[in-house]
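>>> let me see the structure of the following:
(chains A and B)
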Number of protein chains: 2
Amino acid sequence: METFYPQLSAEFARLLLTLAGRKIAVVGHARPDGDCIGSQVALARLLASRGFDVICVNADPVPRRLGFLLDGMRFYRTDEVLAMTEDYAAIFVDCADHGRPGERLKHRFPSPVAVIDHHLSNSGFAGANLIDSDSAATCEMLAGIFFDNGWSVDAGCALALYTGILTDTGQFRFNSTSRRCFVLAGELVARGASPVHAGYEIYERETEGKIRLLQHFLASLRLACDGRVCLGSLAPDVFASTGSTSEDTEGLVDYARSIEGVAVGVLIEVRSDQTVKASLRAKDPAYRMDLVAAEFNGGGHACAAGLSLKIDPEVFSHRLLVALAQRIASVDRAAKL
Amino acid sequence: METFYPQLSAEFARLLLTLAGRKIAVVGHARPDGDCIGSQVALARLLASRGFDVICVNADPVPRRLGFLLDGMRFYRTDEVLAMTEDYAAIFVDCADHGRPGERLKHRFPSPVAVIDHHLSNSGFAGANLIDSDSAATCEMLAGIFFDNGWSVDAGCALALYTGILTDTGQFRFNSTSRRCFVLAGELVARGASPVHAGYEIYERETEGKIRLLQHFLASLRLACDGRVCLGSLAPDVFASTGSTSEDTEGLVDYARSIEGVAVGVLIEVRSDQTVKASLRAKDPAYRMDLVAAEFNGGGHACAAGLSLKIDPEVFSHRLLVALAQRIASVDRAAKL
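Just a heads-up that it's a prediction; the model follows:
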């Protein structure tokens, strides 16, 4: 097999030698996603198979949808870890900065021995900083590092790594999806990761409430700005009436964006305390949703940004559409020049 | 690079030698999908680059969503090809039998020189029968054959092959998704296939009508058989009222199936002439939807089957739910033993 991360793989192998005999805590970020839990499970399994005493630590519970990766593995919460007096060498995964696991875990692990991460903004806060922002997922990095070192990857480890690549590439669709993502996914499948299993667990276990919420959101969709913006909204009582939670709003805005001709999809959540939360998604980074969100004290990335503020929902929709119309017109005008 | 299809690749190379100087028609099946159009575009580009005079032939138009693969290539329809008097060596792709392109094209090309296909049921009707039912897509086979022979694959050819693998694996999620699919996808990305481009064209260009239709379908969903079946229906006037067409029903039934605990998702289309059309989708092949569909003169596969018959819709729903309840109970009982 080819070599994926020659430098990082050697660095990680050297690091493990220095950790011989130490207990290891694999620390993920708050509100963990597939790449975070996948990285933690995979690294913990790999380390355990190489003789280390290892625990996984997270401030928040493992999401229901990702439970299939655990295979009996226990994840420790902040309070439990604060009550432990043992010395742990902490390896942070998928954390762009030291505080991403939460302030209390930052203080419990003030000097991580390593961070393994793919975020461009990573500040390099650990002893060893294994950072590669060209990678689509931390799981991609771990898979490459394990293969490069010739370490045995069992089916559970392979499934965890595969799931992290799957989710952080948006099912192999984001811009970050490279040849390396596919080659590594293939090697993970060869070691027992099942694409149909991961796909089922991640994408085919919707709650009825989520489907009802989607229906309400779709019913609310309307086109604006000459069909360039599609906007949907959720009323304060929708979660109760559909049996869903605010977590279930994930992915809704993509339906608004997916319509042909639409440049920007918008989801507006109206809260009962007269605050609104809005998610903005552009098809093209040229539209710079971060700049539009910033006009309302929000922020984010060029294609995906958000904001939250106390304002009358009608007034807000109007102002947002004005801002979006200006932004889109200026970009479209520049593209025509 | 490794070898993907040692036998088929050599056979195809030998075949091309025998075709030197002949005009070639690359024939796809009626109602073409991503794997069909992808295979036709890729094979035609490859043959043209190797000096052949080649045309693509299809009974039906290239679907709007797949137009991005053409890059100026013209697809000929049945009438146009019947009017041509030239002798063509016909290569059928993605066709499980000789009649899949339509009876008129079967008669126009009575002796195909080759068929390249991945369907288990392929009868082997051509001079050279390059069939591999372990492959997830015909595009997977073509990619492997091109690479095995060391033939140059340009970006347009790579994009077409990538799109066929993408669509025929259901975004790398079906059971057929193998290590080889991923390895080949990676090599295609390395040659210029853009996952973000293909994903955008295939999944982010919905019509507004399709989204409205989805909303109507979701509003109709109801659970039955103790939550093991989720059934949604579309009334005869829904296409007119939402601005959609019957083509837009593709994928709807997956939402019914995706709910946690549901074993079988059902879509019932009620036509104005009192016929009903039903699509059945199971999460697990053990439920054998083909057997349930057969009770209503339909057919299909274990996980995906369909039927169409003249019957009162209420009577049909009742009978179908009885049949599904029996089928699910017998499978669940067997699983418990």
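>>> which single residue of the stretch 1-150 of chain A ends up nearest chain B?
residue A:64 (9.1 Å; C-beta to the nearest C-beta). To be clear about C-beta, it is placed using only N, CA and C from the backbone, and glycine gets the same treatment.
>>> and for that residue, the neighbour number?
Residue A:64: 12 surrounding residues under other C-beta atoms under 10 Å in any protein chain shown.
>>> tally up the residues packed near the residue nearest to residue A:66 when sequence neighbours are not counted, please.
Closest residue to residue A:66 apart from its sequence neighbours, by C-beta to C-beta, 6 or more residues apart in numbering or on different chains: residue A:37 at 4.6 Å. Residues lying near residue A:37 (other C-beta under 10 Å) number 29.
>>> pretty sure residue A:37 sits against residue A:71.
No - counting by C-beta atoms under 8 Å, residue A:37 does not reach residue A:71; the two are 11.9 Å apart.
>>> what's the helix or strand for the residue nearest to residue A:66?
Assigned by DSSP states H and E, residue A:37 falls within helix A:34-49.
>>> now do the buried residues in that helix.
A:34-47 (16 or more other C-beta atoms under 10 Å in any protein chain shown).
>>> wait, residue A:266 touches residue A:228, no?
No - applying C-beta under 8 Å, one finds residue A:266 not in contact with residue A:228, separated by 11.2 Å.
>>> which residue, other than its chain neighbours, is closest to residue A:31?
The shortest distance from residue A:31 to any non-neighbouring residue, by C-beta to C-beta, 6+ apart, is to residue A:60 (5.4 Å).
>>> next, the contact list for that neighbour, please.
A:30-32, A:77 (C-beta atoms under 8 Å, 6 or more residues apart in numbering or on different chains).
>>> swap in 7 Å and give it another go.
Residues in contact with residue A:60, defined by C-beta atoms under 7 Å, 6 or more residues apart in numbering or on different chains, are A:30-32.
>>> do the same with residue A:148
Taking C-beta under 7 Å, 6+ apart as the test, what residue A:148 contacts is A:3-6, A:9.
>>> got the phi and psi for the residue lying closest to it once chain neighbours are set aside?
In space, and not counting its chain neighbours, residue A:148 is closest to residue A:9: 3.5 Å by C-beta to C-beta, 6+ apart. With angles defined as degrees, to the nearest 10, residue A:9 sits at phi -60, psi -40.
>>> mind checking how far residue A:9 is from residue A:145?
5 Å (C-beta to C-beta, to the nearest Å).
>>> point out the residues in chain A that sit beside chain B.
A:171-175, A:177-179, A:182-183, A:185-186, A:189-190, A:195-196, A:199-200, A:203-208, A:211, A:214-215, A:218-219, A:221, A:223, A:255, A:258-260, A:283 (C-beta under 7 Å from any C-beta of the partner chain).
>>> which ones among those residues map onto strands?
Assignment to strands by DSSP state E places the following of the residues of chain A next to chain B there: residue A:223.
>>> buried ones only from the residues of chain A next to chain B, please, as a PyMOL command.
Applying 16+ other C-beta under 10 Å to those, the buried members can be selected in PyMOL as follows:
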select buried, chain A and resi 171+172+173+174+177+178+179+182+183+185+186+189+195+196+199+200+203+204+205+206+207+208+211+214+215+218+221+255+258+259+283
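>>> just the helices in the stretch 101-250 of chain A please.
A:103-108, A:138-148, A:155-168, A:179-190, A:195-203, A:208-220, A:238-242 (DSSP state H, counting those that start in this stretch).
>>> pull the CA atoms of the longest one into PDB?
So that's helix A:155-168. Extracted C-alpha coordinates of helix A:155-168, given in PDB (Å, rounded to 0.1, in the frame of the first residue of the first chain):
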ATOM      1  CA  ALA A 155     -13.600  -4.300  11.900                       C
ATOM      2  CA  GLY A 156     -14.800  -2.100  14.800                       C
ATOM      3  CA  CYS A 157     -11.900   0.300  14.300                       C
ATOM      4  CA  ALA A 158     -12.500   0.300  10.500                       C
ATOM      5  CA  LEU A 159     -16.200   1.000  10.900                       C
ATOM      6  CA  ALA A 160     -15.500   4.000  13.300                       C
ATOM      7  CA  LEU A 161     -12.900   5.500  10.900                       C
ATOM      8  CA  TYR A 162     -15.200   4.900   7.900                       C
ATOM      9  CA  THR A 163     -18.100   6.600   9.600                       C
ATOM     10  CA  GLY A 164     -16.000   9.700  10.400                       C
ATOM     11  CA  ILE A 165     -15.000  10.000   6.800                       C
ATOM     12  CA  LEU A 166     -18.600   9.400   5.700                       C
ATOM     13  CA  THR A 167     -20.100  12.100   7.900                       C
ATOM     14  CA  ASP A 168     -17.400  14.800   7.600                       C
END
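>>> number of nearby residues for residue A:266?
Residue A:266 has 25 nearby residues by other C-beta under 10 Å.
>>> so who does it touch?
Contacts of residue A:266 (C-beta under 7 Å, 6+ apart): A:229, A:231, A:253, A:256, A:278, A:280, A:320.
>>> ok, now residue A:63?
Contacts for residue A:63 (C-beta under 7 Å, 6+ apart) come out as residue A:32.
>>> give me the pLDDT value at it.
pLDDT recorded at residue A:63 is 92.
>>> what separates it from residue A:218, distance-wise?
24 Å.
>>> now residue A:203
Counting by C-beta to C-beta, the gap from residue A:203 to residue A:218 is 18 Å.
>>> which helix in chain A has the most residues?
helix A:313-336 (DSSP state H).
>>> care to break chain A down by domain?
A:6-203, A:209-336 (automatic domain parsing).
>>> ends of the shortest one, how far apart?
Using C-alpha to C-alpha, to the nearest Å, the end-to-end distance of domain A:209-336 comes out at 44 Å.
>>> how far away from the center of its chain is that domain?
20 Å (C-alpha atoms, centre = their mean, to the nearest Å).
>>> what do you get for the longest one?
Using C-alpha atoms, centre = their mean, the mean C-alpha position of domain A:6-203 is found 12 Å from that of the whole chain.
>>> among the contacts of residue A:266, which ones are in strands?
A:229, A:231, A:278, A:280.
>>> state the distance from the residue nearest to residue A:148 to residue A:2.
12 Å.
>>> other SSEs contacting the element among helices and strands of chain A having the smallest mean pLDDT?
None of the helices or strands of chain A scores lower by mean pLDDT, DSSP states H and E than strand A:299-300, at a mean of 85. For strand A:299-300, the elements it packs on are helix A:289-294, judged by 3 or more C-beta pairs under 7 Å, 6 or more residues apart in numbering or on different chains; DSSP states H and E.
>>> now the helix it packs on: buried residues?
Neighbour-count burial for helix A:289-294 flags A:289-290, A:292-293 (criterion: 16+ other C-beta under 10 Å).
>>> would JSON lines of these with pLDDT be doable?
JSON lines is the format used below for the buried residues of helix A:289-294 (pLDDT from 0 to 100):
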{"residue": "A:289", "pLDDT": "94"}
{"residue": "A:290", "pLDDT": "92"}
{"residue": "A:292", "pLDDT": "96"}
{"residue": "A:293", "pLDDT": "95"}
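>>> out of the residues you listed, which is nearest to residue B:160?
residue A:289 (31.9 Å; C-beta to C-beta).
>>> quick check: chain neighbours aside, which residue is closest to that closest one?
In space, residue A:289 is closest to residue A:305, 3.8 Å off (C-beta to C-beta, 6+ apart).
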